[in-house]
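K.L.:
I would like the atomic coordinates for the input below:
(4 chains)
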There are 2 protein chains.
Amino acid sequence: MAKVEFNITCSLCDHLKDSLFNGLGPEDLSRINNNKTCVQYKKGQNIFYEGTRPTGLYCMNAGKVKVFKNNVQGKEFIIYIAKPGDFLGYRALLSEEFYQATATVLEDAKICFIPKENFFEVLQKNPTFMKRVVKAVCHEMGTMEEKLAELAHKSVRERLAANLLMLKETYGMEGEGSSLIDLALSREDLASIVGTATETVIRLLSEFKSDGLIAFEGKKIRVIDAKKLAKQADLIVA
Amino acid sequence: MAKVEFNITCSLCDHLKDSLFNGLGPEDLSRINNNKTCVQYKKGQNIFYEGTRPTGLYCMNAGKVKVFKNNVQGKEFIIYIAKPGDFLGYRALLSEEFYQATATVLEDAKICFIPKENFFEVLQKNPTFMKRVVKAVCHEMGTMEEKLAELAHKSVRERLAANLLMLKETYGMEGEGSSLIDLALSREDLASIVGTATETVIRLLSEFKSDGLIAFEGKKIRVIDAKKLAKQADLIVA
DNA sequence: AATAAAAGATGATTTTTGTCAGGTTTCATC
DNA sequence: GATGAAACCTGACAAAAATCATCTTTTATT
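P.N.:
Numbering: from 1, shown residues only, chains lettered A, B, ... in the order given. Model prediction:
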């Protein structure tokens, strides 16, 4: 599959407002813009690989990308799912380490690549931007701490419920009293998010479905009763 | 218990070399030094509480502190253990959020407090320092990603072995062919690190002991056979 | 030193979850 | 629209780990 390039101007990007680049002065933004390369990726293509060295920053313009680690037996654990406006691969770039995870396209994506020189240049010249990045990184760390504690002490049922709610928050399209998670996730991917076996996810999902908490809509999941789902997540055993 | 203050000069601090303050110019360092308050804490005392707002940065001079989250049933999960030279509470400070975890003294500690104004002042005036902090934060994030994947897909036995090795790396005092983990951890605390029940830790530890992988020395654990322990950790089931 | 409290240990039991094996359905491709 | 592959589903079973109960040892406190 050949790389399909495209172009887009940062200042006109639909997702600038959701991105950390938002608020950058015209000079800084054009420095980013003039040095970036934009590529279209198909579902299943890889953006970067665990164990390789980062050479720049990826910024999502369209689609969804999963960032995951493989364990010895080849089981995946999905660390996060990137959506338009998100940065990709900044952790390894900023810690000056190799990538510790692999990024694979879940839904056809358009992603811009900013060479590290240009990113670091803007970062160093612009303390406000630097501060914003630090704040975002530390916030992200907080959600990871949350996940750690959850993984340590919650049951699979609770974690699945909690993750469905989290996905709803991030990818939910609100309907009348319900919300569609706009993300074509396989059961296997969902299992890799929750940290469990695919079969277990399947069983629990159909339980949630028969209890009227969720519904299936093609490849997507609709959250029908967020309150009951929250009860399942919170270990408020009643 | 009354607060016991003490004083120490940053530039003369034994742990400056291990700290992120290392490399700071004399002017910046004295700004930190002149505004800090140093307090001695006894085992069991709390440094900060989940849900409260950070007002500055803690910097460890002596002792050990655990940073943990409590779940609904009161089960602890220990996110990390801070040692001399480490910063404490910087995540919530930099993300401008409430503390998401509680910090409690494990071994009598001396901890300096730097008001956030002064810390931010130095951070903003000194891009090199800022860069060093970002790098450290992102590195820390990497270890958390590692932990997440481990928690998701490894067995308790593997996680316990992996954590013992990690503790050895950080707190190990090297002896002849063995290494003492210089940390007075209760079985309960160890369980909170691994993310399991206390009884399970007790059982596995005594297995490791009878297999000659570790030995007990008072409240501390000596790693006798790191290689075999690594085999237990890696899921190289052979 | 006596006592209480906390930490550590062990056994029995139950629950949860992973694994394996066998199905069906869905989807993409020729 | 046939074919193969991938995804999805279900049941049976085994393994891992949590829970509960009880007991011993260690540590702290009066």
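K.L.:
The closest residue in space to A:Gly195 that isn't next to it in sequence sits in which helix or strand?
P.N.:
Among residues not flanking A:Gly195 along the chain, B:Ala152 sits closest, at 3.1 Å (CB to CB, 6 or more residues apart in numbering or on different chains). (Each C-beta comes from the backbone N, C-alpha and C, glycine too.) Per DSSP states H and E: B:Ala152 is located in helix B:127-153.
K.L.:
tell me the angle that helix makes with helix A:127-153.
P.N.:
20 degrees (axes from the mean of the first three to the mean of the last three CA atoms, to 10 degrees).
K.L.:
What are the buried residues along stretch A:135-143?
P.N.:
Within stretch A:135-143, the residues that count as buried by 16 or more other CB atoms under 10 Å in any protein chain shown are A:137-142.
K.L.:
Just give the strands next to the helix or strand of chain A with the lowest mean pLDDT in its sheet, each with its orientation.
P.N.:
When each helix and strand of chain A is scored by mean pLDDT, DSSP states H and E, strand A:4-6 comes last, with a mean of 79. If you go by DSSP bridges, strand A:4-6 pairs up with strand A:37-41 (antiparallel).
K.L.:
Tell me which residues are up against the partner strand.
P.N.:
A:3-8, A:47, A:61, A:63, A:105, A:108-113 (CB atoms under 8 Å, 6 or more residues apart in numbering or on different chains).
K.L.:
Could you do stretch A:200-213 as well?
P.N.:
So stretch A:200-213 is in contact with A:156-157, A:160-161, A:164, A:187, A:190-191, A:194, A:214-216, A:221, A:223-225, A:228-229, A:232, going by CB under 8 Å, 6+ apart.
K.L.:
Tell me the buried residues in that stretch?
P.N.:
A:201, A:204-205, A:208, A:213.
K.L.:
So is that stretch next to DNA strand D?
P.N.:
Yes. Contact between stretch A:200-213 and DNA strand D, assessed by CB under 7 Å from any atom of the strand, occurs at A:202-203, A:205-206.
K.L.:
and what of stretch A:53-65?
P.N.:
No. Stretch A:53-65 does not reach DNA strand D (CB under 7 Å from any atom of the strand); its nearest approach is 14.8 Å.
K.L.:
Surely A:Ile79 touches A:Ala101?
P.N.:
Yes. If you go by CB atoms under 8 Å, A:Ile79 and A:Ala101 touch, sitting 5.7 Å apart.
K.L.:
who touches both of these two?
P.N.:
A:67-69, B:145.
K.L.:
Out of those residues, which two sit at the greatest distance?
P.N.:
Distance extremes for these: the farthest pair is A:Phe68 and B:Glu145 at 10.0 Å, using CB to CB.
K.L.:
in chain A, what spans have low per-residue confidence?
P.N.:
A:1-3, A:235-238 (pLDDT under 70).
K.L.:
For A:Leu123, which three-state class applies?
P.N.:
The three-state label given to A:Leu123 by DSSP: H, G, I helix; E, B strand; the rest coil is helix.
K.L.:
In space, what's closest to it - neighbours in sequence excluded?
P.N.:
A:Leu123 sits nearest to A:Met130 (CB to CB, 6+ apart), 5.4 Å away.
K.L.:
same deal with A:Ala136?
P.N.:
Closest to A:Ala136 by CB to CB, 6+ apart is A:Leu20, at 5.8 Å.
K.L.:
and that neighbour, how many neighbours?
P.N.:
A:Leu20: 19 surrounding residues under other CB atoms under 10 Å in any protein chain shown.
K.L.:
before we move on, what about A:Gln45?
P.N.:
17.
K.L.:
Equivalent analysis for A:Glu50, please.
P.N.:
15.
K.L.:
Also A:Ser192?
P.N.:
25.
K.L.:
Check whether the strand or helix carrying it comes into contact with DNA strand D.
P.N.:
Here A:Ser192 sits within helix A:187-194, counting by DSSP H and E. Yes. Residues of helix A:187-194 contacting DNA strand D under CB under 7 Å from any atom of the strand: A:187-188.
K.L.:
Give the next helix or strand downstream of that helix.
P.N.:
Heading C-terminal from helix A:187-194 (DSSP H and E), you reach helix A:198-210.
K.L.:
Paired strands for whichever helix or strand comes after that next one, with orientation please.
P.N.:
Using DSSP H and E, the helix or strand that directly follows helix A:198-210 along the chain is strand A:214-217. When pairing is defined by DSSP bridges, strand A:214-217 lines up against strand A:220-223 (antiparallel).
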